[in-house]
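Student: how would this look folded up:
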Amino acid sequence: MFLKSARIKKELIHDFREYPFSIPFVRHLDELDLDAPITFFVGENGAGKSTLLEAIADQIGFNPAGGSTQNYQAFDVHKSDAALGEFIKLAWWPKVTNGFFLRAETFYQFASHVDETDRNGYRSYGGKSLHHQSHGESFFSLFQHRFKGNAIYLLDEPEAALSPTRQLAFLALLHDLLKEGNVQFIIATHSPILLGYPGARIYHFHENGVEEIDYEQTELYQVTSYFLQHREKMLADLFEDEEE
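Tutor: Okay, the predicted model is just below:
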């Protein structure tokens, strides 16, 4: 593995009431072990998953707006300044800077940047502009053609543009890359399908910090499983509550 851990440099933080230090995991977490081939971050919106992922990307040298070291700061997106970046320290085993940071919410801007700078006939993206592919196709073209071995990949909600079938295909792609043994993934997700990858480490971000949990303990699994088994009852209860 490459990235061993991430430590919060609390000695540099003067006021935990200010953002991003006000996010609960920052106050409660000292160090997070990341020495697994694939690590998932799960939790509610605002729990800090993306904030930590963005900070890690920044410290590796990836563009916090999305991309790699080759286009660091080549394009900018509002609210992509890696506010926590200088307040974390990464431990490596060994260090690697090959890879990519995917932010689903800024992928459109990244695709525009590729259109402006690509000189290789979009070889890393399936042979055509990402803007000339559907949203799901453009994501999968990136995964399929740009993701290689000897690299670390940080993915923030990669399922955003993928159908369930495409998510399964993405898992197969992950598996093929991981079999090579020289690739590492850290993924923030809301997908119970992606989260089901066997043997992955799962960290749950919540108001009391971060804890490692099993797949079946995740809210994503429990809510989805219950809904599929008791859809009519769950919807009836939900709509009844709304009517009241």
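Student: Show the contacting residues for E44.
Tutor: By Cβ atoms under 8 Å, 6 or more residues apart in numbering, the contact set of E44 is 205-206. In short, each C-beta sits where N, CA and C put it, glycine included.
Student: what's the domain layout of this protein?
Tutor: 3-213, 217-244 (automatic domain parsing).
Student: which of those domains sits most buried?
Tutor: Of all these, domain 3-213 carries the top mean neighbour count, a mean of 17, counting by mean count of other Cβ atoms under 10 Å.
Student: Any chance of TSV for the domains of the chain, columns mean pLDDT?
Tutor: What follows is the domains of the chain, written out as TSV (pLDDT from 0 to 100):
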stretch	mean pLDDT
domain 3-213	87
domain 217-244	89
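Student: Quick one: end-to-end distance for stretch 222-235.
Tutor: 16 Å (Cα to Cα, to the nearest Å).
Student: Please apply the same query to stretch 84-100.
Tutor: Stretch 84-100: ends 19 Å apart by Cα to Cα.
Student: got it, and stretch 21-30?
Tutor: Termini of stretch 21-30 sit 13 Å apart (Cα to Cα).
Student: Just give me how far it sits from the chain centre.
Tutor: 19 Å (Cα atoms, centre = their mean, to the nearest Å).
Student: Show me the contact partners of it.
Tutor: 7-8, 10, 13, 15-16, 20, 46-48, 51-52, 84, 87, 205-210.
Student: and if we set it to 10 Å?
Tutor: By Cβ atoms under 10 Å, 6 or more residues apart in numbering, the list of residues contacting stretch 21-30 from outside reads 6-8, 10, 12-17, 19-20, 32, 41, 43, 46-49, 51-52, 55, 83-84, 87-88, 203, 205-211.
Student: Among those, name the ones in helices.
Tutor: 49, 51-52, 55 (DSSP state H).
Student: Tell me the one among those nearest to L194.
Tutor: When the ones in helices among the contacts of stretch 21-30 are compared for distance to L194 (Cβ to Cβ), K49 wins out at 13.4 Å.
Student: Just confirm the closest one contacts L32, I think it does.
Tutor: No - with contacts counted by Cβ atoms under 10 Å, K49 stays clear of L32, the gap being 11.6 Å.
Student: Regarding this protein, what is its longest helix?
Tutor: helix 164-179.
Student: For that one, list the C-alpha coordinates in CSV.
Tutor: The C-alpha trace of helix 164-179 is given here as CSV (Å, rounded to 0.1, in the frame of the first residue of the first chain):
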residue,chain,number,x,y,z
PRO,A,164,-26.7,0.2,-10.8
THR,A,165,-25.4,-1.9,-13.7
ARG,A,166,-22.6,0.5,-14.3
GLN,A,167,-21.8,0.5,-10.6
LEU,A,168,-21.3,-3.3,-10.8
ALA,A,169,-19.1,-2.9,-13.9
PHE,A,170,-17.1,-0.3,-11.9
LEU,A,171,-16.6,-2.9,-9.1
ALA,A,172,-15.3,-5.3,-11.6
LEU,A,173,-12.9,-2.7,-12.9
LEU,A,174,-11.7,-2.0,-9.3
HIS,A,175,-11.2,-5.7,-8.8
ASP,A,176,-9.0,-6.0,-11.9
LEU,A,177,-6.9,-3.1,-10.8
LEU,A,178,-6.6,-4.3,-7.2
LYS,A,179,-5.5,-7.7,-8.3
